[in-house]
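Student: Prediction below, plus the sequence it came from.
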Amino acid sequence: MARKQERSSRDALIEAGLEVMLSGSYERAGLQEILARAKVPKGSFYHHFSSKEGFGLAVVGAYAEKVQAIFRRHLSDAQRAPIERMSRLFKELEKRLVAEGCQGGCLMGSIAQEQADVSEAFRSHLQTLFAEQQELLANCLAEARDRGELDRAADPQALAAFCASAWQGALLQMKLSRSPEPLKRFRTIVFGRLLAA
């Protein structure tokens, strides 16, 4: 029973951290606000996490798991052609972002901009998480190339890296404009031109 309570208090802290960081920033995320949202005592925080940085890394990891699950669900759908899988993935991500009022964006991207120059732990962790995401895209693009959906000379790794970077740029522009237009442009150019058969 105690073990279940420990796990649920850790989960509650991470969930609260996700909410706070998505609506603001890692630097401005205050412990009191996180504790209040999680409804756990201060001692629980230090029982599970040795520092704010350790907590932030856990929050980013939890966020990445949720996003990677969406990537895997779409990109492993053998009932659909590879490029269609990618298109459906980015349509779903866009739909979620629009439902959130074109705010928040990608926690991984936001924290990378905020922490990559000041925290080696964050930089290294985020680099690994983005590489995992990019590899999922590259595998799907390699399958598309092998099935003749892409030019035989296409480089799936380079295309995946470009798509991932362009998506992060579109998310930044979405946040600035509070509009889905940058996301729509991303999909139009990537799927209407770059990856068009």
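Tutor: Cool, the structure landed. Note that the structure is predicted; figures quoted are calculated from it, not measured.

Student: From Lys52, how far off is Val98?
Tutor: Counting by Cβ to Cβ, to the nearest Å, the gap from Val98 to Lys52 is 32 Å. The C-beta positions use only the backbone N, C-alpha and C, and glycine is treated the same way.

Student: And Lys42, by the same measure?
Tutor: According to Cβ to Cβ, Lys42 and Lys52 sit 13 Å apart.

Student: do Glu114 as well
Tutor: From Glu114 to Lys52 the distance is 13 Å (Cβ to Cβ).

Student: all helices for this protein, in order.
Tutor: Taking DSSP state H as the test, the helices found in the chain are 2-23, 31-38, 42-48, 52-75, 82-99, 107-115, 120-146, 156-177, 181-189.

Student: could these go into a markdown table alongside distance to Leu195, mean pLDDT and mean neighbour count?
Tutor: Shown next, in a markdown table, are these (distance: least, Cβ to Cβ, whole Å; pLDDT from 0 to 100; neighbours: other Cβ atoms under 10 Å):
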| stretch | distance to Leu195 | mean pLDDT | mean neighbour count |
| --- | --- | --- | --- |
| helix 2-23 | 29 | 79 | 16 |
| helix 31-38 | 41 | 88 | 16 |
| helix 42-48 | 43 | 88 | 14 |
| helix 52-75 | 14 | 95 | 17 |
| helix 82-99 | 5 | 96 | 17 |
| helix 107-115 | 22 | 92 | 19 |
| helix 120-146 | 8 | 96 | 17 |
| helix 156-177 | 7 | 96 | 17 |
| helix 181-189 | 9 | 97 | 16 |
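
Student: okay but Gln103 is in contact with Pro180, surely?
Tutor: No. The pair Gln103 and Pro180 fails to qualify as a contact (Cβ atoms under 8 Å) at a distance of 11.5 Å.

Student: Which one's more surrounded, these two?
Tutor: Each of Gln103 and Pro180 has its neighbours counted (other Cβ atoms under 10 Å); Pro180 has more, 15 against 11.

Student: Check the contact between that one and Met174; I expect there is one.
Tutor: Yes. Contact criterion Cβ under 8 Å: Pro180 and Met174 qualify, at 6.5 Å.
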